[in-house]
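**Student:** Pasting the sequence and the predicted coordinates here, then a few questions.
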Amino acid sequence: MPRAGISHEGHGTTLSPHAPREHGTNAAIVESMRPASRRILECIDALDVVPGTRVLEIGCGPGVAARELVRRGAQVLAIDRSAVAIRQAMAGSALELATGRLRYVQASAEAFTLAPGERLLDIAVALRVGALDGRHPEAGLRAVASIRRALVPGGRLFIDGGDPLREVSLTEG
């Protein structure tokens, strides 16, 4: 079987489940397999996803929320700017990756684009992402524009900081 490994196609870095693992990833694997915290579960509950909902998770870290979304029937594209986070997420997501309903891509929210021909997503969620929570306003503007292009018309973006989530407007201007 050909090894997909890592691809750099201008749409972020995609890591396949067959990508080589670095030595010393046992701690990362254990961390990425940790169950979702109450806060993450509350945020996912608030999204009210139904089977087949296409979700963009921004800043996926070790993949805890992405895995939970897949368990609830969502199709998930999870991105993170950190190659380490993507490796950790993949290490703990073998079952979910095998379903074909989860894909990880190394990309920042500001520079993210869907691959050519990839279907638009229904909703986006970001938990503790500095580009979207007001800590980095200029990056936030670029991230919102990038996310808007990845969502269906009427798609919605949610971030933490509400009760438990708040919606971010995707209107231009």
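**Tutor:** Structure received. Residues are numbered from 1 along each chain as shown.

**Student:** and the helix or strand hosting I123, what other elements does it pack with?
**Tutor:** I123 belongs to strand 121-126 when assigned by DSSP states H and E. Under the contact criterion of 3 or more Cβ pairs under 8 Å, 6 or more residues apart in numbering; DSSP states H and E, strand 121-126 touches helix 38-47, strand 54-58, helix 137-150, strand 151-160. For the C-beta atoms, the positions are set from N, CA and C on the backbone; glycine is no exception.

**Student:** So what angle separates the directions of the first one and strand 54-58?
**Tutor:** Translated: helix 38-47. Following axes from the mean of the first three to the mean of the last three Cα atoms, to 10 degrees, one obtains 140 degrees for the angle between helix 38-47 and strand 54-58.

**Student:** List the buried residues of helix 38-47.
**Tutor:** I40, C43, I44, A46, L47 (16 or more other Cβ atoms under 10 Å).

**Student:** Report the buried residues of stretch 127-136.
**Tutor:** L127, V129, A131, L132, D133.

**Student:** Now render the helices and strands packed on strand 121-126 as JSON lines, adding mean pLDDT.
**Tutor:** Shown next, in JSON lines, are the helices and strands packed on strand 121-126 (pLDDT from 0 to 100):
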{"stretch": "helix 38-47", "mean pLDDT": "94"}
{"stretch": "strand 54-58", "mean pLDDT": "98"}
{"stretch": "helix 137-150", "mean pLDDT": "94"}
{"stretch": "strand 151-160", "mean pLDDT": "96"}
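
**Student:** Tell me which of these sits most buried.
**Tutor:** strand 54-58 (a mean of 25; mean count of other Cβ atoms under 10 Å).
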